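S.K.: Below: sequence and its predicted model.
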Amino acid sequence: MLQAIGLTKKYKDHTALNKLNLTIEAGEIYCLLGQNGAGKTTVINLFLGFTEATSGEARINGLVVKPNDPSVKKFLAYIPEVVMLYGNLNSMENLDFFSKIAGFTYTSQELEDFLLQVGLQPEAFYRPLGNYSKGMRQKVGIAIALAKNADVLLMDEPTSGLDPKATNEFTELVKSLGKQGKIVLMATHDIFNAVNVGTTIGIMRQGTLVHELSAADINANDLQKLYLETI
């Protein structure tokens with residue numbers, strides 16, 4: 001379970017996040033919409049422990065997230081807008097390296113199986129990541145999350161810059177993560193993708209969660225209208 005309880009972040013006189021209350025259960029894909037500066041990335045950073053809350057709590061599996069606290073990091077994987085991996089290494093080497101940092105050692109066959117699971121083509125396994133597209137790099141990032149056995153995946157604008165084919169592949173991959181019981185919290189501007197991939201959608205404005213609704217209860221056109229009315 002991932003929870004925010006009165007979660008607040010202030011920078012001097014500016015309130016970036018205002019008393020957020022949020023509960024995300026296993027298997028849920030939560031898409032957080034909002035303009036730049038609405039507080040979406042602040043939510044992600046607080047759950048990652050990149051910054052400290054002014055008040056309230058961020059909890060993962062009942063544990064309170066604190067900056068630089070390794071006790072919750074084992075539950076987490078982070079997929080940023082640009083996945084930072086070693087471009088001079090191939091996907092097998094990157095996956096092996098980051099798995100070992102997390103305390104897992106796998107055979108070559110097991111590493112290949114993780115990459116196959118996320119839909120990376122076998123002919124790319126031994127090519128340097130410097131030659132990968134953004135979509136391919138994201139697949140390796142998700143393979144690393146699977147290898148780490150992360151319960152929670154935090155994603156910040158993961159479909160930004162992807163072409164329609166790569167976006168569709170990414171959507172299907174995220175849906176499969178939900179079916180495996182993973183929690184996905186995704187900050188995004190992509191209204192259409194939020195309806196397609198999400199189970200729950202939240203809309204933020206000026207640091208406040210204004211709307212929260214089931215993705216099954218709304219279509220993309222109505223969500224766009226609600227979003228524009230909100231911001």
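M.R.: Received the coordinates, thanks. Numbers count the residues shown, from 1 in each chain.
S.K.: When you work out contacts or count neighbours from here on, use the C-alpha atoms and nothing else.
M.R.: Will do.
S.K.: contact partners of the lowest-mean-pLDDT helix or strand in the chain?
M.R.: Within the chain, confidence by mean pLDDT, DSSP states H and E is lowest for helix 70-73 among all helices and strands, at a mean of 85. Identification of contacts with helix 70-73 by Cα atoms under 8 Å, 6 or more residues apart in numbering yields 48, 60, 63-65.
S.K.: Just give me the neighbour total for T107.
M.R.: Residues contacting T107 under the criterion other Cα atoms under 10 Å number 9.
S.K.: I'd like to know how far it sits from S214.
M.R.: As judged by Cα to Cα, to the nearest Å, T107 and S214 stand 41 Å apart.
S.K.: Contact partners for the most centrally placed residue in the chain?
M.R.: Nearest to the mean C-alpha position of the chain, counting by Cα atoms, centre = their mean, stands M155 at 2.0 Å. In this structure, M155 makes contact with 44, 78-81, 184-187, judged by Cα under 8 Å, 6+ apart.
S.K.: what's the answer for E25, then?
M.R.: Contact analysis of E25 by Cα under 8 Å, 6+ apart lists 1-2, 183.
S.K.: Tell me the buried residues in stretch 69-76?
M.R.: 72-73, 75-76 (16 or more other Cα atoms under 10 Å).
S.K.: okay, now the domains of the chain?
M.R.: 1-75+153-231, 82-150 (automatic domain parsing).
S.K.: Where does the residue nearest to the centre of the chain fall, secondary structure wise?
M.R.: strand 152-156 (DSSP states H and E).
S.K.: Report the mean per-residue pLDDT for whichever helix or strand comes after that strand.
M.R.: Per DSSP H and E, the first helix or strand lying C-terminal to strand 152-156 is helix 164-179. Across helix 164-179, the average pLDDT comes to 90.
S.K.: Kindly export helix 164-179 (C-alpha atoms) in PDB.
M.R.: Extracted in PDB, the C-alpha atoms of helix 164-179 (Å, rounded to 0.1, in the frame of the first residue of the first chain):
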ATOM      1  CA  PRO A 164       2.200   6.300 -30.800                       C
ATOM      2  CA  LYS A 165       3.500   2.700 -31.200                       C
ATOM      3  CA  ALA A 166       5.900   3.100 -28.300                       C
ATOM      4  CA  THR A 167       3.200   4.700 -26.200                       C
ATOM      5  CA  ASN A 168       0.900   1.800 -26.900                       C
ATOM      6  CA  GLU A 169       3.600  -0.700 -26.000                       C
ATOM      7  CA  PHE A 170       4.300   1.200 -22.800                       C
ATOM      8  CA  THR A 171       0.600   1.200 -21.900                       C
ATOM      9  CA  GLU A 172       0.300  -2.500 -22.300                       C
ATOM     10  CA  LEU A 173       3.400  -3.100 -20.200                       C
ATOM     11  CA  VAL A 174       2.100  -0.900 -17.400                       C
ATOM     12  CA  LYS A 175      -1.300  -2.700 -17.400                       C
ATOM     13  CA  SER A 176       0.600  -6.000 -17.000                       C
ATOM     14  CA  LEU A 177       2.400  -4.600 -14.000                       C
ATOM     15  CA  GLY A 178      -1.000  -3.900 -12.400                       C
ATOM     16  CA  LYS A 179      -2.100  -7.400 -13.100                       C
END
